[in-house]
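> Give me coordinates for this.
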Amino acid sequence: MSSAIASATDLKQRTSSDMDIQFEGKRVLVTGAARGIGRAICEAFAADGAAVLATDVVETELQRLAAEASPARGGSISTGFLDVTDEEQIARVIAGADIAGGIDIFVHVAGGVLGQTKKPVEDVPAADWDKIYDVNVRGAFLVSRAVVPSMKKRGAGKLVFISSGAGIGVSLTGIQAYASAKAALISLARQLGHELGPFGINVNAVAPGFLRTSPDYERQWASYGQAGQQAMIDEIPLRRIGLPEDISSAVLFLASPHAGWITGQTLSVSGGPLA
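Take a look at the predicted model:
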């Protein structure tokens, strides 16, 4: 029986009320895992039974994640330093994962604005543009390229890229490279979803609205002042800023069998469409 038919058969056996998402026996690689969205994703997978490899360049916060998380159902969290722009480091991490059976689920969170601030386009150094693209987009490509071969051998796998509402519309940061890179992740998910679907591999993206998940975004939030903050909240149909757990819930759904017939798509998790 082909993997696609087997997956469909497994799904048909579920009752309509069975939405308990579990990941026992699954190996999950998360980049940008140390804080915010990445941390919440790691904690959620581990709580649902997955063996999570949490990677980042911020080692102190990775250690805190490992110490404070509460895995369940046999889940676990291990940590490792990984610069997603370094092909040799990626190769070493994936080689270690392959010894343990390979990666079943890859979630690319690494990225963001990397400490940059808004500048007129004519004043943006090419190096600043490249830095954002390297982590957000090239990193997603490089790690995906490394994990896909073992997924193809198993006939199954899940890739989820964390894009942004900035990739769908415009960026509140005003940073051109960030908006463009997050749009590129959406396109990459669509293209890889088309390419890898015949191998039983789903590729999707999640586009969060504004979250206060890093020092960069806390500075952005503070810059609005009380009146500006309230104005932002008033524009969101659900009338609140998002939480990392809002994003982790979407990621776990897309990585689960319940999203088995979804690929190449982008799920906006933003509190509702803006008027």
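> State the number of residues packed around Q63.
12 (other CB atoms under 10 Å). C-beta here means a position set from N, CA and C on the backbone, and glycine is covered the same way.
> ugh, typo on my part, it should be G74
14.
> Test my guess that W129 contacts Q176.
Yes - W129 sits in contact with Q176 when judged by CB atoms under 8 Å, with a separation of 7.5 Å.
> Could you measure from the residue nearest to Q176 when sequence neighbours are not counted over to W261?
Leaving aside its sequence neighbours, Q176 sits nearest to V121 (CB to CB, 6 or more residues apart in numbering; 5.8 Å). As judged by CB to CB, to the nearest Å, V121 and W261 stand 41 Å apart.
> who's in contact with the residue lying closest to L82 once chain neighbours are set aside?
Leaving aside its sequence neighbours, L82 sits nearest to T55 (CB to CB, 6+ apart; 3.6 Å). Going by CB atoms under 8 Å, 6 or more residues apart in numbering, T55 touches L29, V30, T31, G32, A33, L62, T79, G80, F81, L82, V93.
> For my notes, confirm the last one occurs in a helix.
Yes - applying DSSP: H, G, I helix; E, B strand; the rest coil, one finds V93 inside a helix.
> that older thread, okay if I get the contacts of T55 as JSON lines plus distance to I21 and neighbour count?
Below are those laid out as JSON lines (distance: CB to CB, whole Å; neighbours: other CB atoms under 10 Å):
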{"residue": "L29", "distance to I21": "18", "neighbour count": "25"}
{"residue": "V30", "distance to I21": "16", "neighbour count": "29"}
{"residue": "T31", "distance to I21": "21", "neighbour count": "27"}
{"residue": "G32", "distance to I21": "22", "neighbour count": "28"}
{"residue": "A33", "distance to I21": "19", "neighbour count": "32"}
{"residue": "L62", "distance to I21": "25", "neighbour count": "25"}
{"residue": "T79", "distance to I21": "23", "neighbour count": "21"}
{"residue": "G80", "distance to I21": "25", "neighbour count": "17"}
{"residue": "F81", "distance to I21": "29", "neighbour count": "13"}
{"residue": "L82", "distance to I21": "26", "neighbour count": "26"}
{"residue": "V93", "distance to I21": "26", "neighbour count": "23"}
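> Looking at those residues, spot the one nearest S248.
V30 (10.1 Å; CB to CB).
> Now name the helix or strand holding that closest one.
V30 belongs to strand 27-31 when assigned by DSSP states H and E.
> Which SSE is immediately downstream of whichever helix in the chain runs longest?
Counting by DSSP state H, the longest helix found in the chain is helix 176-196. The helix or strand immediately downstream of helix 176-196 is strand 201-208, counting by DSSP H and E.
> now whichever helix or strand comes after that following strand against helix 176-196, angle please.
The helix or strand immediately downstream of strand 201-208 is helix 215-223, counting by DSSP H and E. Relative orientation of helix 215-223 and helix 176-196, computed by axes from the mean of the first three to the mean of the last three CA atoms, to 10 degrees: 130 degrees.
> by contact count, what packs against helix 215-223?
When contacts are defined as 3 or more CB pairs under 8 Å, 6 or more residues apart in numbering; DSSP states H and E, helix 215-223 packs onto no helix or strand at all.
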